[in-house]
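Participant: One predicted model, sequence on top.
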Amino acid sequence: MNKAFMKSERRTPEKIAIFLPSRIGDSILSLPAAICLEQLNRKYNSNLKLTVYSKPFLVKLLSALNLFSCKGVTLSEKFKSLICPPDRAFFIETTNANFGFRAKTTYGTENPYKKFLKFTHQPVFHRMSFAPFQETWDEIRASLPEELVTFLLDEIGLSYYSAALFGITLELGFTAEQIIETFKFSPDIIPLDNFSEIPFSDEKGYYVFCAEAGYGRKHLNERCWDIDKYFEIADKIHADTGAKMVFTGVNREIMLPDKDYIVDMRGTLNLYQLACLMKNAKGYIGNDTGPLHVANLMRTPSVAAYFQEIHMAGFGPIFASLNKKVLRPQNVEEMLAKVPN
């Protein structure tokens, strides 16, 4: 008998904890596997109780999606795990922020630079977060059923990173056939009713730009296109549409052009407010970074500049049809041609 069906005979639910990465984009890329697990749980009555844990700044956004139970990685949650640990915990990223959380069985990638973090199992499907390279994906792909990989990449349109995490569903006893028959995924599966704040509005609409890339206070210049090129795009779109151009991010060191149609909202929004801003935008234009994935989650069409092939295939947004990719753009026209109307 399949393990997924055997679980339905348990008197008490099997508690499953999934710990999302600390980066915004990687956390959103982790959602398809968690959504699939909930769909499988309902279909097969497998008696799993899923809780998704994230950095506290992500909790409001994820909770507003109403897809699964979401909690922050806090001292109180770590204390609770000492008294009543989940049956299994999947740590997608190896980070000191998760130190102190206990589970009966743990899955993760041990990192020589984080010696205190040990795991019961070290599955290959967690390694993209630690080693985001083509050879890592090749190793993960070889460990997964080929029919499942083909389905996730070609039919659903997921990135390598998102597809790799379906190893969690396999580890919990579901088969590739069950996943393929059950998993339904499209932009309209994400409920957006709870994203009701209006951080900005204009009668002619607006586009959102993010001309930086990074996480926390770390800026990744190698993933950034020339900001002056984005200013040129903003000028051309405004001339054609009259729409406002809203710049987001956290770095306010670079001066924006002093023009009435350019709006500086850098460093002023929390993540939930950023999602609300994206929800009502005409489109996103910018680098391959966290706000791109937030726009995609909010069903907003986007065009993004990429600078490595592995980032395009390995970490592209979860709704590929809404994202136009430009690899190492050479001029403004390349990006402008793909800007959503």
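Facilitator: Arrived safely.

Participant: pLDDT weak spots in the protein?
Facilitator: Within the chain, the stretches with pLDDT under 70 are 1-11, 113, 115-116, 214-221.

Participant: Show me where it has its strands.
Facilitator: 14-19, 48-54, 69-72, 88-91, 105-107, 206-210, 214-215, 218-219, 244-247, 262-264, 283-287, 302-306, 323-327 (DSSP state E).

Participant: All the helices of the stretch 51-200 of the chain, in order from the start?
Facilitator: 56-64, 75-83, 134-143, 146-150, 160-164, 167-171, 176-182 (DSSP state H, counting those that start in this stretch).

Participant: which helices and strands does the last one pack with?
Facilitator: Counting contacts by 3 or more CB pairs under 8 Å, 6 or more residues apart in numbering; DSSP states H and E, the secondary-structure elements packed against helix 176-182 are helix 31-44, helix 146-150, helix 167-171. Placement of C-beta: from N, CA and C, glycine included.

Participant: Quick one: closest of those to residue 182.
Facilitator: Among the helices and strands packed on helix 176-182, the nearest to residue 182 by CB to CB is helix 31-44 (5.2 Å).

Participant: between that closest one and strand 14-19, how many degrees?
Facilitator: In terms of direction (axes from the mean of the first three to the mean of the last three CA atoms, to 10 degrees), helix 31-44 departs from strand 14-19 by 170 degrees.

Participant: which helices and strands sit right next to helix 31-44?
Facilitator: Using 3+ CB pairs under 8 Å, 6+ apart, helix 31-44 sits against helix 3-6, strand 14-19, strand 48-54, helix 167-171, helix 176-182.

Participant: how far is that helix from where the chain is centred?
Facilitator: 16 Å (CA atoms, centre = their mean, to the nearest Å).

Participant: Please point out which parts of it sit buried.
Facilitator: Buried positions in helix 31-44, judged by neighbour count with 16 or more other CB atoms under 10 Å: 31, 32, 33, 34, 35, 36, 37, 39, 40, 41, 44.

Participant: Then stretch 131-139?
Facilitator: So, applying 16+ other CB under 10 Å, buried residues of stretch 131-139: 132, 136, 137, 139.

Participant: what's in contact with that stretch?
Facilitator: 124, 127, 128, 160, 161, 164, 309, 310, 314, 315 (CB atoms under 8 Å, 6 or more residues apart in numbering).

Participant: Tell me the buried residues within those residues.
Facilitator: For these, a neighbour count by 16+ other CB under 10 Å gives the buried set as 124, 127, 128, 160, 161, 164, 310, 314, 315.

Participant: what about the second one, distance to residue 136?
Facilitator: Right, residue 127. 5 Å (CB to CB, to the nearest Å).

Participant: In TSV: the strands of the chain, plus mean neighbour count.
Facilitator: Shown next, in TSV, are the strands of the chain (neighbours: other CB atoms under 10 Å):
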stretch	mean neighbour count
strand 14-19	22
strand 48-54	21
strand 69-72	17
strand 88-91	25
strand 105-107	19
strand 206-210	26
strand 214-215	17
strand 218-219	12
strand 244-247	24
strand 262-264	17
strand 283-287	27
strand 302-306	25
strand 323-327	17
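
Participant: Dump those strands to a markdown table, plus distance to residue 295.
Facilitator: Output for the strands of the chain, formatted as a markdown table (distance: least, CB to CB, whole Å):
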| stretch | distance to residue 295 |
| --- | --- |
| strand 14-19 | 24 |
| strand 48-54 | 19 |
| strand 69-72 | 20 |
| strand 88-91 | 27 |
| strand 105-107 | 31 |
| strand 206-210 | 7 |
| strand 214-215 | 17 |
| strand 218-219 | 20 |
| strand 244-247 | 12 |
| strand 262-264 | 16 |
| strand 283-287 | 4 |
| strand 302-306 | 5 |
| strand 323-327 | 9 |
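
Participant: do you know which of the ones you listed lies nearest residue 181?
Facilitator: Judged by CB to CB, the one of those that comes nearest to residue 181 is strand 48-54, at 17.7 Å.

Participant: If anything else comes up later, I'll come back, but that's it for now.
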